[in-house]
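A.B. asks: 3D, please:
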Amino acid sequence: MAAQLGARLDSREAVIAIIGMGYVGLPLAIAAAAAGFQVTGFDIDPAKVTGLNAGQSHLSSVAGERVAAMAASGRFVATGDPARLAEADAILVCVPTPLSRYREPDLSFIVATGRQIAAVLRPGQLVVLESTTWPGTTNEVLRPELEASGLRAGADFFLGYSPEREDPGNASFGTSTIPRVTGADDDLTRDLLQRLYGAIVARVVPVRDARTAEAVKLTENIFRSVNIALVNELKLIYERMGIDVWEVIEAAKSKPFGYMPFYPGPGLGGHCVPIDPFYLTWKAREFGVPTRFIELAGEINTAAPHRVIERLTDVLSARLQRSLNGARILLLGVAYKKNVDDTRESPAFVLLEELERRGAEVAFYDPFVPVIPMTREHAPLAGRASIVWSAQTLAGFDAALVATDHDGVDYETLTASVPVVIDTRNATAGVIANRDRIVRA
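C.D. replies: Down below sits the predicted model:
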């Protein structure tokens, strides 16, 4: 079976099924179709399925032209019918892995998907989990669901792990140019993973087993979380000393070795960095190992939005002689990073809710997010619309809080129109006039 599947992968005759047409699954589908594979994209959202089959992108970070070209190639079809998974040679699972309200791993999407696959699983298929999770998930959670079919991993079907490495909006690196880590617990599956991803991406980095591959992804994001926490703490220290942390970082990164720049902000956003470290801290409890360093970084980053609001409160009092209660605040940006419409785990939502809890009247402007979408953690905010940008509208606010540093925003007009601009991203670095109105936070 492995030899036959390997030959189909090498010849590009294999059918690739990708479950989840989101920020990970859709770019992967485009890359796989471009490599010559027949791709079936699965999603539970009928609107996404209809749009993709019509060649339309539902993500600002994925150009509509790329989706249209994929749909026109004849090598892609989107569907919501799980029965069609039986047609695939390889099934790639790209489903969400959020945290519960108690900040524990929520693997319900993986479990549900495993059961869906098991209902149609046939001998000779390759199943690959790509969702970020704790070391052991592939074998301890997904494998039992699949083996409920009566088939056995490594004998009747093949099971491996390859963590996604998408960075929405990054023009320098895309799915096909980012190296892929792969891991499986038997030689046959390791070889199949190499042949599958080797046909789609420029480089494959195999590791000894699925647990190691799962740990790689967590390590990458914990590294970012810890370093962002460090600069968020340095920002507070340097602020007390009258030192500009942004100038410090800009100068420090001129060193060609031994330093990598990270930047402070109003909190962590995106699916990975705010969530992944807690997957490891949760799993580490099973082995009786404390994760003090990781948890401390989490505490610092979680506190960041509240420290920004305290800064805003102090500035309103000192400069405008008014309290936050009753103040009109413009939140600039609700996407978690600049130049995308991705609002997953955005700290802007924490800022918005906390400002309103303290009595402020809050509106937002985001050129990439005209309406706040439904989210698991901030459902009451869904449906709120961005203001229309104009100097007259801006003049009605007491302060603006820059949460996302989108390019293309007229920061000159912002600072000319609003008495106080709290900048958490150094987005106003190029503004010349009215710099006395800008406060870094």
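
A.B. asks: residue ranges with poor pLDDT in the stretch 251-400 of the chain?
C.D. replies: Counting by pLDDT under 70, the low-confidence segments of the stretch 251-400 of the chain come to 270-274.

A.B. asks: hey, where'd the helices end up in it?
C.D. replies: Under the criterion DSSP state H, counting those that start in this stretch, helices of the stretch 251-400 of the chain are mapped to 276-284, 292-315, 347-357, 391-394.

A.B. asks: Next up, phi/psi of Val409, please.
C.D. replies: Main-chain torsions, Val409, degrees, to the nearest 10: phi -80, psi 140.

A.B. asks: I'd like the distance between it and Ala155.
C.D. replies: Between Val409 and Ala155 the distance is 57 Å, computed by CB to CB, to the nearest Å. (C-beta placed from N, C-alpha, C; glycine too.)

A.B. asks: how about the strands in the stretch 1-150 of the chain?
C.D. replies: Listed in chain order, the strands of the stretch 1-150 of the chain (DSSP state E, counting those that start in this stretch) span residues 15-19, 38-42, 76-79, 90-93, 126-129.

A.B. asks: What are the contacting residues of the fourth one?
C.D. replies: With contacts defined as CB atoms under 8 Å, 6 or more residues apart in numbering, strand 90-93 is touched by 5, 9, 14-20, 25, 28, 85, 110, 113, 117, 125-131, 142, 192, 196.

A.B. asks: Report the strands that pair with it, each with its relative direction.
C.D. replies: strand 15-19 (parallel), strand 126-129 (parallel) (DSSP bridges).

A.B. asks: what mean pLDDT does the lengthiest helix in the chain have?
C.D. replies: Counting residues, the longest helix in the chain under DSSP state H turns out to be helix 210-241. Confidence over helix 210-241, taken as the mean pLDDT, stands at 95.

A.B. asks: Would you mind pulling up the elements that that helix packs against?
C.D. replies: For helix 210-241, the elements it packs on are strand 158-161, strand 180-184, helix 245-252, helix 276-284, helix 292-315, judged by 3 or more CB pairs under 8 Å, 6 or more residues apart in numbering; DSSP states H and E.

A.B. asks: Including mean neighbour count and distance to Ala427, could these go into CSV?
C.D. replies: Listed next are those as CSV, based on neighbours: other CB atoms under 10 Å; distance: least, CB to CB, whole Å:
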stretch, mean neighbour count, distance to Ala427
strand 158-161, 27, 38
strand 180-184, 25, 33
helix 245-252, 14, 11
helix 276-284, 21, 26
helix 292-315, 18, 14
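
A.B. asks: Low-confidence regions, the stretch 1-150 of the chain specifically.
C.D. replies: For the stretch 1-150 of the chain, counting by pLDDT under 70, not a single residue falls below.

A.B. asks: mind listing the helices for it?
C.D. replies: In chain order, the stretch 1-150 of the chain shows helices spanning 2-11, 25-34, 46-53, 64-72, 108-118, 137, 143-147, with DSSP H, counting those that start in this stretch as the criterion.

A.B. asks: for the helices of the stretch 251-400 of the chain, which one sits closest to Asp436?
C.D. replies: Ranking those by proximity to Asp436 (CB to CB) places helix 292-315 first, at 11.9 Å.

A.B. asks: now the closest one against helix 276-284, angle please.
C.D. replies: Between helix 292-315 and helix 276-284, the angle comes out at 140 degrees (axes from the mean of the first three to the mean of the last three CA atoms, to 10 degrees).

A.B. asks: I'd like the numbering to begin with 44 instead of 1 from here.
C.D. replies: Yes, from this point I'll number from 44; that puts the last item at helix 335-358.

A.B. asks: which strands and helices sit next to helix 335-358?
C.D. replies: Checking 3+ CB pairs under 8 Å, 6+ apart, helix 335-358 ends up next to helix 253-284, helix 319-327, helix 390-400, strand 442-445, strand 463-466.

A.B. asks: Using PDB, write out every CA atom in the last one.
C.D. replies: Looking back up the chat, that one is strand 463-466. Output in PDB follows, covering the C-alpha atoms of strand 463-466 (Å, rounded to 0.1, in the frame of the first residue of the first chain):
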ATOM      1  CA  VAL A 463      -4.300  62.700  22.300                       C
ATOM      2  CA  VAL A 464      -3.000  59.700  20.300                       C
ATOM      3  CA  ILE A 465      -1.800  56.700  22.300                       C
ATOM      4  CA  ASP A 466       0.500  54.700  20.000                       C
END
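
A.B. asks: partner strands of it, parallel or antiparallel?
C.D. replies: Partner strands for strand 463-466, per DSSP bridges, with pairing direction: strand 442-445 (parallel), strand 481-483 (parallel).

A.B. asks: Just give me how far it sits from the chain centre.
C.D. replies: The gap between where strand 463-466 is centred and where its chain is centred comes out at 27 Å by CA atoms, centre = their mean, to the nearest Å.

A.B. asks: Could I get the buried residue list for it?
C.D. replies: Neighbour-count burial for strand 463-466, counted by 16 or more other CB atoms under 10 Å, picks out Val463, Val464, Ile465, Asp466.
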